[in-house]
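Predicted model follows, preceded by the sequence.
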Amino acid sequence: MQGLAIYQFGIVTTLEATKYIDQANQLLQHGRYETGNFLFYSTEILLIAACQKLQIGYWPVVAVHLLLNAIATVCFYRLVKQFTGRSTVAFWFTLAFIGMFYYQLYTTYLFTESPYFSLLLIFFYGLMQVRKLTTLTVLGMVTGLAVLYFTRPVGLFVIPATFLFIVFRFYPTKSKLIISTAGVTGVGFFYLLLNKSLNSGGELNFLLPYLDERIICGVPTITTPHQISVPVEQDSVEGLFYIITHHWRLFATLSLKRLLAFFGVVRSWYSLPHNIFIAVYFYSMYVLIFIGSRRWNRERLPQLLFIGCLLFLTALTTAVSCDEWHNRFILALLPFLLLLSSLAFVSKPLKTVADA
């Protein structure tokens, strides 16, 4: 599959890759990014900058993408095997995972998607293998979270997901006390990080999708923009809250359309074969997730909370902003949706971490 993507596309240095290449040049020449928002894409930009500095072309970047993708694929196989206890199911689901061409092809693009997709899956696998909390494991978690956060801004969502996993994996009897005690601090910390991301400049503007009613990012649906002014910084959380509370009809209508686009996956500009393939793939997963939901229980609660938190925050972000042109937002969650789907084929109790 990766060979096919490389044969068909080569190394893609156009589209979004252009801005990362430009920022790598900016970093090498001036020692800083043009705007602060690019800090949250540093993993890919630094790889590109290293290749530029050494004048070795961009193949090493693709090599890193391929290596991470290969590791993530092995992790996915093992995760399905742990979720279901069945090697055969793990094999076929891994084949389905590899077969989603539109997920796999980003290894050839100098985008942030490929490293983020792979690192997220690798992080979750590592989290599943933790048997007890030690200084070393906590340090590893913090390092992984930092790398994800500076690979893509949505890496921020992994922080609360990881917190829920840890609480319900290691402190199930004290979960209510821990969550209520740490909740205020955690929400405050999450708010500060989110506000920092939104106020970092560049393209992170949550007001723009409401001015011209964007369902898909970068695609206005009205020709005459709304005249909306907010009394606070427009890119802040307060600015977004102002839109929700003072223009709630507009917010509700756009949110519903964005969620339908997010979960519906088909696009009017896709070819019919493309839409058929992606619809059958995703809608089949939704059906299997529904069937497998009968396997949801307290034993699986930490994993379910991690996945559910990621799904909820990603869908919520789409609802309040816009969905991505090529389904990249939901593609980041593809392996986790497949993991939930695999529960439809469980034939025996989930293998615990200690037994794995």
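On my side now, so go ahead.

Quick check: mean pLDDT of stretch 229-246?
Across stretch 229-246, pLDDT averages out at 70.

again with stretch 6-23
86.

Can you give me the buried ones in that stretch?
For stretch 6-23, the neighbour count (16 or more other C-beta atoms under 10 Å) marks 6, 12, 16-17, 19-21, 23 as buried. For glycine as for every other residue, the C-beta is placed from the backbone atoms N, C-alpha and C.

In helices, which of those residues appear?
6, 17, 19-21, 23 (DSSP state H).

Would you reformat these as JSON lines and include distance to Gln29?
Shown next, in JSON lines, are these (distance: C-beta to C-beta, whole Å):
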{"residue": "Ile6", "distance to Gln29": "30"}
{"residue": "Ala17", "distance to Gln29": "18"}
{"residue": "Lys19", "distance to Gln29": "15"}
{"residue": "Tyr20", "distance to Gln29": "15"}
{"residue": "Ile21", "distance to Gln29": "13"}
{"residue": "Gln23", "distance to Gln29": "11"}
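
from those, which is closest to Ala279?
Ile6 (26.9 Å; C-beta to C-beta).

number of nearby residues for the residue lying closest to that closest one once chain neighbours are set aside?
Counting by C-beta to C-beta, 6 or more residues apart in numbering, the nearest residue to Ile6 once its immediate chain neighbours are dropped is Thr108, at 5.4 Å. As a burial measure, Thr108 scores 21 neighbours (other C-beta atoms under 10 Å).

got it, and Pro115?
So Pro115, with other C-beta under 10 Å, has 25 neighbours.

Please identify the helix or strand for it.
Element membership of Pro115, judged by DSSP states H and E, is helix 113-128.

just checking, what packs against that helix?
On a contact count with 3 or more C-beta pairs under 8 Å, 6 or more residues apart in numbering; DSSP states H and E, helix 113-128 meets helix 42-54, helix 59-84, helix 135-149, helix 158-170, helix 301-320, helix 328-331, helix 334-342.

among those helices, which is nearest Thr223?
Here helix 301-320 is closest among the helices and strands packed on helix 113-128 (C-beta to C-beta), at 23.1 Å.

for the closest one, the distance to its chain's centre please.
Centroid separation for helix 301-320 versus its chain: 10 Å, with C-alpha atoms, centre = their mean, to the nearest Å.

Equivalent analysis for stretch 216-236, please.
Going by C-alpha atoms, centre = their mean, the spacing between the C-alpha centre of stretch 216-236 and its chain's C-alpha centre is 24 Å.

could I get that stretch in CSV with only the CA atoms?
Taking Å, rounded to 0.1, in the frame of the first residue of the first chain, the C-alpha atoms of stretch 216-236 are listed here in CSV:
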residue,chain,number,x,y,z
ILE,A,216,-16.1,22.5,5.4
CYS,A,217,-13.0,24.5,6.3
GLY,A,218,-12.1,27.1,3.8
VAL,A,219,-15.4,26.7,1.9
PRO,A,220,-17.8,29.6,2.5
THR,A,221,-21.5,28.8,1.9
ILE,A,222,-22.8,32.4,1.7
THR,A,223,-21.5,35.2,-0.4
THR,A,224,-22.3,38.1,1.9
PRO,A,225,-20.6,37.4,5.3
HIS,A,226,-22.5,38.1,8.6
GLN,A,227,-21.6,41.2,10.5
ILE,A,228,-20.7,39.7,13.8
SER,A,229,-18.5,41.5,16.4
VAL,A,230,-17.5,40.1,19.7
PRO,A,231,-16.5,42.2,22.7
VAL,A,232,-13.5,40.0,23.5
GLU,A,233,-10.6,38.5,21.6
GLN,A,234,-12.2,36.7,18.7
ASP,A,235,-9.9,33.7,18.7
SER,A,236,-10.2,33.1,22.4
